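**Student:** sequence-free structure coming up:
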C-alpha cells in the first residue's frame, strides 16, 4: 500500500492525512517522473472511495469496483476512506491539491457535495446509505460553500431498488405462511435510509391486504435535533400487541437481533408468533441470534460495478447511464427466524436423535436448540408437550442410562465411567446418580450384580437330575 502523498504528481509542501491510504485498483504500476509507465500521457485517474469496510455491503461494493476495473482494463489510483471524518479530511485536502478526478461514496452531506459541485469533480453516491434524512439530489441543490463560481456537478446516484426489496421481503413471508399482520421496526427517526426502506415495505404489505404497524426503535424526536436511546420497553409492549402470527421486517440486522431477544423475553416464539427478517445479511448478527436470523442481502457487488461504470463515464465527459440501470437489488438469505413452523413431531424427533447421539459427549441444552434450528422457547415447549419432560431431564436420563449400562456390563471404576457419560468428574456423576435413583452407584452395582451372579451360578451348576 502506498501513502496518499506518494501518489500526487506535483510537489507540494502539504502532507496527506496520516491515515489516508492509496492503492492501485488493478496492480502496482511502476511510475516514471510521476506518470504511469504504461501510458505516459494518461496517468491513472485519482479516485476517492468513501465506504465503511467493516460491513458486508462495503466490502461487496469494493469487490464490484475491482471487478469492473479488471474486466474493462481500466486502471485507477484509489484512495480509501472508511469513516466520515477521514472521508471529509481526505476530500478537502485532495480538492485543495487538485489531486482528485472522481469520487464514489456513501458518506455525503450538503457540505461535501456542494464542495464537489464547486470544483466540478464527478461524484457517484450510494444513495441508499448516504445523507442522513436528505437525498443526494437535495444536497447538491445547495449553493457551494467554497466561494467558487457554481458549476454543474457531474453526478449520479447508485440506489437500492426499494420496490424490489419490498417485493422480495413480502414475497418471502407470503410463500411460507399466512399472517394476520405485518410490521416494520425503524432504526432511527433521522436515518433516511431506514425510513425509505420502511415506506417501501409497508406499502407492499398493504398492497397484499395485511394490517400494518410501524415502530421507531429509537423513538421519535420531541424537537428538531433531539436524540433518544433505544426504547426497549416500548418495543416489547408493541410486540405483545401485534396480531399473531406477524411478519416483521427490521431496518437492519442489529435492529432485528433486538427484536428476537425481546420476543424471547416476552414469551413470543420466533418464527411461530413473530417471523423476523433483517436487512444487510451481517453474519455478526445473523449467525449469533437464536434462532438464526433470515436477512436480505444487498447486492453490493452489482452496486460497485454500476458505480465504477458510471464514474468512468462522467470522468470521460460522457453522460451518466440511466438511473434505472444503476439500481441494485437484494436476495433473501433464508434462516430459521422466518422458517415455516414444523410439526411438534418433527422438532422433537430431531431433538431426541441429537440427545441419543451426543448427550454422553457433553451436549447441553444450548447444543440441542442450535441443532434443531429454532428458538429455545419453541424447542423447549414442543419437547415438553410431546415427551412430558424437559430437554435437560432427557439429557440427564440418557447419561444415567449409559452409566447404569456400564456399571452392569463392565468392571470399570466410576472415575472411568464418568467421562464416558458426559460428566466432567466422578463426583458430578455421583450426585446426579444419587438424586435420580436414591442410592449410590456402588450399592446399585452390587444390587444388580447379585441376581446376575446367581443366574451364572445356576448356568454353571445345573440341578442334578
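**Tutor:** Right, received. Where do you want to start? Predicted, not measured: the structure shown is a model, and the values here were computed from it.
**Student:** contacts, neighbours, all on C-alpha from now
**Tutor:** Noted.
**Student:** double-check that residue 352 belongs to a helix.
**Tutor:** Yes: counting by DSSP: H, G, I helix; E, B strand; the rest coil, residue 352 is located in a helix.
**Student:** report pLDDT for it.
**Tutor:** Note for residue 352: predicted pLDDT of 95.
**Student:** tally of neighbours for it?
**Tutor:** Using other Cα atoms under 10 Å, the number of residues around residue 352 comes to 18.
**Student:** can you tell me how far it is from residue 403?
**Tutor:** Plainly put, residue 352 is 19 Å away from residue 403 if you go by Cα to Cα, to the nearest Å.
**Student:** and what of residue 80?
**Tutor:** Separation of residue 80 from residue 403 (Cα to Cα): 61 Å.
**Student:** report the secondary structure element holding residue 124.
**Tutor:** In this assignment (DSSP states H and E), residue 124 forms part of strand 123-125.
**Student:** quick one: residues contacting the residue nearest the centre of the chain.
**Tutor:** Geometric centre of the chain, nearest residue: residue 282, 1.8 Å, by Cα atoms, centre = their mean. Going by Cα atoms under 8 Å, 6 or more residues apart in numbering, residue 282 touches 55, 56, 253.
**Student:** can you give me phi and psi for it?
**Tutor:** Main-chain dihedrals, residue 282, degrees, to the nearest 10: phi -80, psi 120.
**Student:** would you map the strands across the stretch 201-350 of the chain?
**Tutor:** Along the stretch 201-350 of the chain, counting by DSSP state E, counting those that start in this stretch, strands occupy 211-216, 246-250, 274-279, 294-298, 330-333.
**Student:** run through who's touching the shortest one.
**Tutor:** This points to strand 330-333. Contact with strand 330-333 is made by 164, 165, 168, 169, 172, 281, 294, 295, 296, 297, 298, 299, as judged by Cα under 8 Å, 6+ apart.
**Student:** TSV for the residues you listed, including pLDDT, neighbour count and distance to residue 269?
**Tutor:** Below are these laid out as TSV (pLDDT from 0 to 100; neighbours: other Cα atoms under 10 Å; distance: Cα to Cα, whole Å):
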residue	pLDDT	neighbour count	distance to residue 269
164	96	17	29
165	96	24	26
168	97	18	24
169	97	25	20
172	95	17	19
281	95	25	22
294	97	26	15
295	98	30	18
296	97	23	21
297	96	19	24
298	95	23	27
299	96	20	31
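**Student:** what's the closest of those residues to residue 371?
**Tutor:** In terms of Cα to Cα, no member of the contacts of strand 330-333 lies closer to residue 371 than residue 294, at 16.5 Å.
**Student:** quick check: beta-bridge partners of the closest one?
**Tutor:** Residue 294 has these beta-bridge partners by DSSP bridges: residue 277.
**Student:** got the phi/psi numbers for the nearest residue to residue 400 once chain neighbours are set aside?
**Tutor:** In space, and not counting its chain neighbours, residue 400 is closest to residue 433: 6.7 Å by Cα to Cα, 6 or more residues apart in numbering. Main-chain torsions, residue 433, degrees, to the nearest 10: phi -70, psi -40.
**Student:** same thing with residue 165?
**Tutor:** Torsion angles at residue 165 (phi, psi; degrees, to the nearest 10) stand at phi -60, psi -50.
**Student:** how about residue 78?
**Tutor:** Per-residue torsions, residue 78: phi -100, psi 130 (degrees, to the nearest 10).
**Student:** could you pull out the helices for the stretch 1-150 of the chain?
**Tutor:** If DSSP state H, counting those that start in this stretch is used as the criterion, the helices of the stretch 1-150 of the chain fall at 56-72, 84-96, 110-119, 136-140.
**Student:** quick one: low-confidence parts of the stretch 101-250 of the chain?
**Tutor:** Filtered on pLDDT under 70, the stretch 101-250 of the chain yields the residue ranges 127-153, 189-190, 219-229.
**Student:** same check on the stretch 251-400 of the chain?
**Tutor:** Residues of the stretch 251-400 of the chain that meet the criterion pLDDT under 70 lie in 342-343.
**Student:** switch to 90 and redo it
**Tutor:** Residue ranges of the stretch 251-400 of the chain with pLDDT under 90: 272, 319-323, 339-347, 369-382, 385-386.
**Student:** domain ranges for this protein?
**Tutor:** 2-157, 162-298+331-338, 344-449 (automatic domain parsing).
**Student:** make TSV from those domains and add distance to residue 316 to it.
**Tutor:** Converted to TSV, these look like this (distance: least, Cα to Cα, whole Å):
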stretch	distance to residue 316
domain 2-157	10
domain 162-298+331-338	29
domain 344-449	52
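**Student:** nearest to residue 321, out of those?
**Tutor:** Among the domains of the chain, the nearest to residue 321 by Cα to Cα is domain 2-157 (8.3 Å).
**Student:** ok, back up a step: which one, of the strands of the stretch 201-350 of the chain, ends up nearest to residue 194?
**Tutor:** For residue 194, the closest of these is strand 246-250, at 8.9 Å, according to Cα to Cα.
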